[in-house]
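In: return atomic coordinates for the entry below.
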Amino acid sequence: MLFSRISGRNLPYPERSAHRSRNTEKRNIPAEKTFCVFPHDVRGKIRLGFLALWMAALLPFPAKSAERKGSPAPERQLTPESIVRISRIEVDPARLPEYLALVAECGRASMAEEAGVRMMFSMQEKAHPERITILEIYADPEAYGHHIRSAHFRKYKERSLEMVRKLELLDQIPLVPEMKMK
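Out: Residues are numbered from 1 along each chain as shown. Got it, this is the predicted structure:
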C-alpha cells in the first residue's frame with residue numbers, strides 16, 4: 001500500500017503478485033508477503049543503477065599524469081642539490097605599490113622563462129603589508145645562477161634597490177622533499 005499512497009494509484013493485488021521473483025515462487029511464499037513498493041519497470045531501473053554503481057566502484061581509474069599517482073615527474077622533484085630559500089623583505093611603505101608590481105613581474109617571468117625555477121611564491125603579511133616573503137625553489141645551483149643573471153631579475157634588483165629597507169635570505173632544508181602543491 002506504500003506505493004499506492006505515494007503515487008496516488010490504487011494497485012489491486014493481482015498486479016502486485018506479478019512482481020514476484022522466481023525465488024519467492026520456488027519457496028511458496030504468498031504474494032501478499034512479497035509485495036514490492038515499486039512497479040516492475042522502476043525496480044529494473046533501480047537494479048541497473050545499483051549494478052552501474054557497483055561496476056564503477058570496481059573499475060580502476062587511470063591517473064592522468066605522474067603527479068596524480070602521488071609522485072611528481074622526475075624533473076620536478078627536489079634533490080639534495082635543490083635550493084630552497086625564503087626571502088624576507090621589508091619595503092618602504094610609500095613605495096609599496098610600485099614594489100608589488102615589480103616583484104609580481106619578476107616572479108611571473110621567472111616561472112615562465114626559467115626551467116630551473118621550481119617555485120617563486122610571493123606573499124604579503126596582512127598585519128604588516130610592507131613585509132613581503134618569497135618562497136624560492138631552484139632545481140640546482142646552476143638554475144639559481146641562471147636566475148640571478150637573467151634580465152628580469154637584474155631589472156627587479158636595480159629598480160627595487162631604493163625601495164627595500166631590509167632583506168633576509170634564509171636557506172632551508174625541506175623536511176618532506178616529495179611534498180607538492182595540489
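
In: from here on, just use CA atoms for contacts and neighbour counts.
Out: OK.

In: let me see the domain layout of this structure.
Out: 2-58, 74-172 (automatic domain parsing).

In: compare those and say which comes out lowest on pLDDT.
Out: Lowest mean pLDDT within the domains of the chain: domain 2-58, a mean of 54.

In: list phi and psi for the residue nearest to A104 when sequence neighbours are not counted.
Out: Leaving aside its chain neighbours, A104 sits nearest to S122 (7.7 Å; criterion: C-alpha to C-alpha, 6 or more residues apart in numbering). Dihedral pair for S122: phi -100, psi 140, per degrees, to the nearest 10.

In: surely S122 touches R131?
Out: No. In this structure S122 lies outside contact range of R131 using C-alpha atoms under 8 Å: 10.7 Å.

In: these two: which is more packed in?
Out: R131 (20 against 17; other C-alpha atoms under 10 Å).

In: list the contacts for the more buried one?
Out: Contacts for R131 (C-alpha atoms under 8 Å, 6 or more residues apart in numbering) come out as 88-91, 124-125.

In: how far away is it from L78?
Out: Separation of R131 from L78 (C-alpha to C-alpha, to the nearest Å) stands at 28 Å.

In: and the contacts of stretch 113-122?
Out: Contacts of stretch 113-122 (C-alpha under 8 Å, 6+ apart): 76, 103-104, 107, 110-111, 132-140, 143-144, 147.

In: ok, 6 Å please
Out: 107, 133-139, 143 (C-alpha atoms under 6 Å, 6 or more residues apart in numbering).

In: for T79, which three-state class applies?
Out: coil (DSSP: H, G, I helix; E, B strand; the rest coil).

In: element containing L169?
Out: Using DSSP states H and E, the element containing L169 is strand 164-172.

In: packing partners for that strand?
Out: strand 83-91 (3 or more C-alpha pairs under 6 Å, 6 or more residues apart in numbering; DSSP states H and E).

In: and the contacts of stretch 113-122, which of them are in strands?
Out: Among the contacts of stretch 113-122, the residues falling in strands (DSSP state E) are 133-138.

In: so which of these wins on neighbours?
Out: Neighbour-wise, the ones in strands among the contacts of stretch 113-122 (other C-alpha under 10 Å) top out at Y138, 25 neighbours.

In: OK, contacts around that one?
Out: 82-83, 116-118, 144.
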